[in-house]
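S.K.: Just a sequence and a predicted model for now, questions to come.
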Amino acid sequence: MSLNNKEITNKITGQVIRFIQTAKDTNGELLEMESLYPLFSKEPPIHFHPHQEEYFTILKGELTVRLGGEIRVYRSGSTIHIKPDVKHSMWNEGLMDCVVNWKVYPAMDTENLLTTLTQLANNGETNNAGVPHLSVLVFLLKKYNQTFRLAKLPIGILNVLSILFKPVFQACNYKSKFNQPLRYFLAGKNNL
């Protein structure tokens, strides 16, 4: 099942993502989305993508972006290109919602990561910033480490944490629980 034109809404952060082209549609070459960043949103953790490039086009409003240690505000019509391994974060400090076209090359498993994080937030399994509980966070960072990494958590430390939390992962059956992040879509629910 394709996620084309399916929307997910994170009830904690307020971010809305509409999938335009998915990995399945593009043979893994591209994930294209339209994302709404609500006004006065908070800065998410600084992160990077080790094997992906991102392109953003601001369609409406303005987006505040931390890119390589510098903070800039991009307004409607602006484009942003983020290369692999470049640390960044983005949020909306503006007075109106911001809408962006967001393309990720290659797609990898980004749509699964975004869907899983939204699902956790909407199920009350995150803090008030939308960050999952520690053991879940470690599991997801390890599972998606080729797609997404936190800037302040070296991969060696993540590997050690994964070993330490392995009994929790097994006891809570995380492997099975997070193996089907798109199950809500497959069940016909469009908006998480």
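M.R.: Right, received. Where do you want to start?

S.K.: what about the helices in this protein?
M.R.: 110-122, 134-143, 155-171, 174-177, 183-186 (DSSP state H).

S.K.: closest to residue 39 out of the ones you listed?
M.R.: Distance to residue 39, taken as Cβ to Cβ, is lowest for helix 110-122 among the helices of the chain, at 18.6 Å. Every C-beta, even on glycine, is put in place using the N, C-alpha and C of the backbone.

S.K.: Can I get the closest one as CSV, trimmed to CA atoms?
M.R.: Presented in CSV, the C-alpha positions along helix 110-122 are these (Å, rounded to 0.1, in the frame of the first residue of the first chain):
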residue,chain,number,x,y,z
THR,A,110,12.7,7.8,6.8
GLU,A,111,8.9,7.4,6.4
ASN,A,112,8.9,4.5,8.9
LEU,A,113,10.9,6.6,11.4
LEU,A,114,8.6,9.6,11.1
THR,A,115,5.5,7.4,11.3
THR,A,116,6.8,5.6,14.4
LEU,A,117,7.7,8.8,16.2
THR,A,118,4.3,10.2,15.4
GLN,A,119,2.5,7.1,16.6
LEU,A,120,4.5,7.1,19.9
ALA,A,121,3.6,10.8,20.5
ASN,A,122,0.0,10.2,19.8
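
S.K.: Check which helices and strands it sits against.
M.R.: With contacts taken as 3 or more Cβ pairs under 8 Å, 6 or more residues apart in numbering; DSSP states H and E, helix 110-122 sits against strand 7-9, strand 16-21, helix 134-143, helix 183-186.
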